[in-house]
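Asker: build me a model:
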Amino acid sequence: MCGQKLEKVQSPIPLRPNPSSRSPKFRVSTSKSTDLSSGTNISNFSKESQITSASSTSLSSLRASLPQRPILFSLSEISRATNNFRSQKLGGRSSMAWKCALREKQVAVLQRNVTYPIEFQSVLSDLCSIHHKEVIKLIGGCLEGETIFLVYEFEDGLSLSDCLRGSKIPGFTVLSSWVSRIQIALDVAKALEYMHHDIPLVYVHKYLKGSSIIVFEPEYRAKVANFGASILTGEFPMKFEEHSGSKSEIMEENSVEFGGRVRRYGSRKIVGTQGYMAPEYVSDGVITQKSDVFSFGVVVLEILSGEEPVKYVHDKENNEFKKVSLIENVGSILAEPLRLRTWVDSRLKDSYPVECAERVIQIAASCVDLDPKKRPDMRWVSVEMSRVLMKSEKWAQNLRGRKGVTVTFEAR
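Answerer: Numbers count the residues shown, from 1 in each chain. Coordinates of the predicted model:
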């Protein structure tokens, strides 16, 4: 990706910076009016304007410390960059995402339909000010009628789905080690933990699935894509939280006042991917943070088994296709631990700590509980997955120390 500075578009709406990542306050006064956005040198600082630091602050670092505004793109600009939306698609032919270059920077453009009008520029400003190492950054967007285009930094990697099932070589996967899979699960957990607990708004991702998780070589770390899409399309009622008090984990009510109107989010069109959607969303259209927890549980089961969340298997006896879900197997595996080896992805070649695998399935099972109130929050999940990763890494170190040891397993 290019390292050049992005052109900033001035917005009449003031930016609300993220309280969790504020820079120290300082005052700058000059003898002449100065335009920071134009790159003019700053001179003649008064004593009051000096930043309390041992070294002098350069213009670039000063600009970096200021709140960033989103980039507002025009439809014609995006259309040219994507060759009238005929350029390389991300995620398959049916995908509505493209890779292109905008203002000399490689980006990913995501197209979505607006389901409810919002204050686009203001909300975009808030979301573009959010940074996290496990979340692909939103840098700008475009609103054209009932369609929005969200522009993200382009991250060159493979989706989790492709890593698990995209190989043309039978029996091969790039995620061939237990530790790499647990690390990816933890990265996703941390991303959701940040979205749910560490930003000044009640946020639901809504689209967490194998194809929205990007994995990067050679460390096999993961980032979550499509951040902000559910809010900017109006699918989830955004509500800012004051950090002076405790932050509610979840909005349990079926309606919320937004922009002077009451929005009911229990009766909207159901949009999502089969297998990842929480049952309360499928039945009643209710979207909460516990919906993301459910999706995360499905992703973890997908990581462990290597299988799709839902697939159809041909029943030769009845000559029909039978729907098979990963969630349906969880209860039986917990009840019969001996079934674990036959369920975990065979491409791991039985090379994993059984105790850790059982614990991960327990965590996933709690996340996919049919009752949303019984599902844990992502703070707890992140802590538990961190513990599993530490134990898994210790297991891997001990295994490497036993070179020359041969272990024989019974047939599956």
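Asker: which helix in this protein runs the most residues?
Answerer: helix 378-400 (DSSP state H).
Asker: tell me what that helix is packed against?
Answerer: Counting contacts by 3 or more Cβ pairs under 8 Å, 6 or more residues apart in numbering; DSSP states H and E, helix 378-400 packs against helix 178-197, helix 289-305, helix 354-367. The way it works is simple: take the backbone N, C-alpha and C, and place the C-beta from them, glycine included.
Asker: switch these over to JSON lines; also include mean neighbour count and distance to residue 143.
Answerer: Below are the helices and strands packed on helix 378-400 laid out as JSON lines (neighbours: other Cβ atoms under 10 Å; distance: least, Cβ to Cβ, whole Å):
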{"stretch": "helix 178-197", "mean neighbour count": "23", "distance to residue 143": "22"}
{"stretch": "helix 289-305", "mean neighbour count": "25", "distance to residue 143": "25"}
{"stretch": "helix 354-367", "mean neighbour count": "19", "distance to residue 143": "34"}
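Asker: in TSV, list the ones you listed along with distance to residue 396.
Answerer: Below are those laid out as TSV (distance: least, Cβ to Cβ, whole Å):
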stretch	distance to residue 396
helix 178-197	5
helix 289-305	16
helix 354-367	10
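Asker: closest one to residue 315 among those helices?
Answerer: Of all these, it is helix 289-305 that lies closest to residue 315, at 20.4 Å by Cβ to Cβ.
Asker: quick one: the closest one to helix 354-367, angle?
Answerer: With axes from the mean of the first three to the mean of the last three Cα atoms, to 10 degrees as the basis, helix 289-305 and helix 354-367 are set at 150 degrees to each other.
Asker: tell me what whichever helix or strand comes after helix 289-305 is packed against?
Answerer: Proceeding N to C from helix 289-305, the next assigned helix or strand is strand 310-315, under DSSP states H and E. Here strand 310-315 touches strand 320-325, going by 3+ Cβ pairs under 8 Å, 6+ apart.
Asker: pLDDT of the strand it packs on, averaged?
Answerer: Strand 320-325 comes out with an average pLDDT of 84.
Asker: pLDDT at residue 308, what is it?
Answerer: 92.
Asker: my bad, should have said residue 142
Answerer: Per the predicted model, pLDDT is 94 at residue 142.
Asker: one more: residue 66?
Answerer: With respect to pLDDT, residue 66 scores 44.
Asker: what's the angle between the longest helix of the chain and helix 354-367?
Answerer: 160 degrees.
Asker: now helix 378-400: buried residues?
Answerer: For helix 378-400, a neighbour-count test (16 or more other Cβ atoms under 10 Å) marks 378, 379, 381, 382, 384, 385, 388, 389, 392, 395, 396 as buried.
Asker: export those as TSV, with columns for distance to residue 189.
Answerer: Formatted as TSV, the buried residues of helix 378-400 follow (distance: Cβ to Cβ, whole Å):
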residue	distance to residue 189
378	6
379	9
381	5
382	4
384	9
385	5
388	10
389	10
392	14
395	20
396	20
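Asker: OK, contacts around the residue lying closest to residue 187 once chain neighbours are set aside?
Answerer: The spatially closest residue to residue 187, leaving aside those adjacent along the chain, is residue 222, at 4.0 Å (Cβ to Cβ, 6 or more residues apart in numbering). Contacts for residue 222 (Cβ atoms under 8 Å, 6 or more residues apart in numbering) come out as 134, 160, 183, 184, 187, 188, 213, 214, 215, 216.
Asker: same check, this time on residue 100
Answerer: 78, 81, 82, 83, 87, 88, 106, 107, 109.
Asker: so which of those sit within helices?
Answerer: Counting by DSSP H, the contacts of residue 100 contribute 78, 81 to helices.
Asker: buried members of the contacts of residue 100 into PyMOL, please.
Answerer: A single PyMOL command selects the buried members of the contacts of residue 100 (16+ other Cβ under 10 Å):
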select buried, resi 78+81+82+107+109
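Asker: closest to residue 279 out of the contacts of residue 100?
Answerer: Closest approach between the contacts of residue 100 and residue 279, by Cβ to Cβ: residue 109, at 32.5 Å.
Asker: what about the residue lying closest to the closest one once chain neighbours are set aside, neighbour count?
Answerer: Leaving out its chain neighbours, the residue that sits closest to residue 109 by Cβ to Cβ, 6+ apart is residue 98, at 4.9 Å. By other Cβ atoms under 10 Å, the residues close to residue 98 number 22.
Asker: let's verify residue 98: helix, strand, or coil?
Answerer: strand (DSSP: H, G, I helix; E, B strand; the rest coil).
Asker: that one and residue 79 touch, don't they?
Answerer: No - counting by Cβ atoms under 8 Å, residue 79 is not a contact partner of residue 98; they are 10.5 Å apart.
Asker: and for the two, which residues touch both?
Answerer: The contact lists of residue 98 and residue 79 share residue 85, where a contact means Cβ under 8 Å, 6+ apart.
Asker: backbone dihedrals for the residue nearest to residue 187, please?
Answerer: Backbone torsions for residue 222, taken as degrees, to the nearest 10, come to phi -130, psi 150.
Asker: pLDDT score assigned to it?
Answerer: 97.
Asker: do the same with the one 5 residues further on
Answerer: We note a pLDDT of 94 for residue 227 in this prediction.
Asker: off-centre distance for stretch 83-93?
Answerer: Taking Cα atoms, centre = their mean, to the nearest Å, one finds stretch 83-93 lying 22 Å from the centre of the chain it belongs to.
Asker: switch to numbering from 527
Answerer: With 527 as the first residue, the last one maps to stretch 609-619.
Asker: what residues sit buried inside that stretch?
Answerer: For stretch 609-619, the neighbour count (16+ other Cβ under 10 Å) marks 616, 617 as buried.
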